[in-house]
Each structure stands twice: as C-alpha cells, then as structure tokens.
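Student: Provided below for reference: sequence and predicted model.
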Amino acid sequence: MEREPGGADGAGAGLGGPGIVTLCWHWNAPSHLKEDTENEWWGGFYTQHTTFDVAAALADPTSEEYRLLLRDIDVIAAELKKFSDAGKPVLWRPLHEAAGGWFWWGRRGRRRSSSCGG
C-alpha cells in the first residue's frame with residue numbers, strides 16, 4: 001500500500017474489519033524548530049529540538065503561534081474524520097506523556113499542559 005507522508009492511510013488499512021484503531025500524535029512543533037546537524041526537522045516533537053511555547057501560544061489567540069496550532073489540529077481532524085466516516089472507532093491520544101517533559105507540549109510540566117489535554 002502506498003502511504004502519503006503524514007496521512008492516516010496505513011492506520012486505516014483495516015477500516016473494514018472489527019476493532020479499534022489507536023493513534024498517538026507525535027506532533028512536530030508548529031514553528032520555532034532548531035534546524036542544525038543535531039536537531040533535524042523530523043525530531044521537532046522533542047523538547048530539545050524546538051523553542052515553541054505552547055502555553056504562550058494558547059495565552060494569545062491573536063498570535064501566529066496560536067494560528068499554527070489550529071492549522072495543525074485542522075489537518076489532523078481531517079485525517080481522523082476518515083475513520084469517523086468509515087464508522088471506525090479511534091482511541092486518540094494527542095499530547096500524550098505531557099508530564100514527562102521530553103515532548104514540546106510538556107516542556108513546562110503537567111500543570112501548563114493540562115489546558116491542552118496533557
């Protein structure tokens with residue numbers, strides 16, 4: 001099966017069968033990525049690869065960072081809708097492990113991440 005990068009095609013391969021799809025989102029930071037030889041773009045979900053501040057983005061709904069959060073969420077929502085349209089239940093875990101600090105959405109710990117589902 002040919003997969004579109006970033007798409008849900010692989011997870012949806014068994015849409016016709018029974019069961020529940022489980023998905024976690026390793027969300028690359030929407031901006032402020034550190035791109036150098038030690039911080040590749042594809043590692044942008046790790047705290048050390050970005051300076052993106054989710055708390056600051058959520059605090060200012062007029063900011064570019066907030067707009068980028070919504071843009072990314074809209075893209076994921078379109079992918080998840082494919083499962084809904086097929087009547088397939090999904091156990092969706094966005095912003096998982098937020099208390100650990102190793103992903104950018106958990107950089108400030110559990111309290112700061114809880115407003116975005118962490």
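Tutor: Received the coordinates, thanks. Numbers count the residues shown, from 1 in each chain.

Student: So which residues of the protein form strands?
Tutor: 21-24, 90-93 (DSSP state E).

Student: buried set for the first one?
Tutor: To tie it back to what came earlier, the one meant is strand 21-24. 21, 23 (16 or more other C-beta atoms under 10 Å). Placement of C-beta: from N, CA and C, glycine included.

Student: How far off centre is it?
Tutor: Distance of strand 21-24 from the chain centroid (C-alpha atoms, centre = their mean, to the nearest Å) equals 12 Å.

Student: Check which helices and strands it is in contact with.
Tutor: Using 3 or more C-beta pairs under 8 Å, 6 or more residues apart in numbering; DSSP states H and E, the elements in contact with strand 21-24 are strand 90-93.

Student: starting at the chain centroid, how far to the strand it packs on?
Tutor: 12 Å.

Student: do stretch 40-51 as well
Tutor: That offset, for stretch 40-51, works out to 13 Å (C-alpha atoms, centre = their mean).

Student: Which positions in that stretch come out as buried?
Tutor: Going by neighbour count (16+ other C-beta under 10 Å), the buried part of stretch 40-51 is 43-45, 47, 49-50.

Student: picking up where we left off before, save the strands of the chain as CSV, and put in mean pLDDT too.
Tutor: Formatted as CSV, those follow (pLDDT from 0 to 100):
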stretch, mean pLDDT
strand 21-24, 88
strand 90-93, 90
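
Student: Would you reformat those strands as a markdown table and include distance to residue 62?
Tutor: Formatted as a markdown table, the strands of the chain follow (distance: least, C-beta to C-beta, whole Å):
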| stretch | distance to residue 62 |
| --- | --- |
| strand 21-24 | 30 |
| strand 90-93 | 28 |
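
Student: so which of those strands gets nearest residue 55?
Tutor: Nearest of these to residue 55, taken as C-beta to C-beta: strand 90-93 at 20.4 Å.

Student: Run through the bridge partners of residue 50.
Tutor: Listed beta-bridge partners, residue 50: residue 33 (assigned using DSSP bridges).
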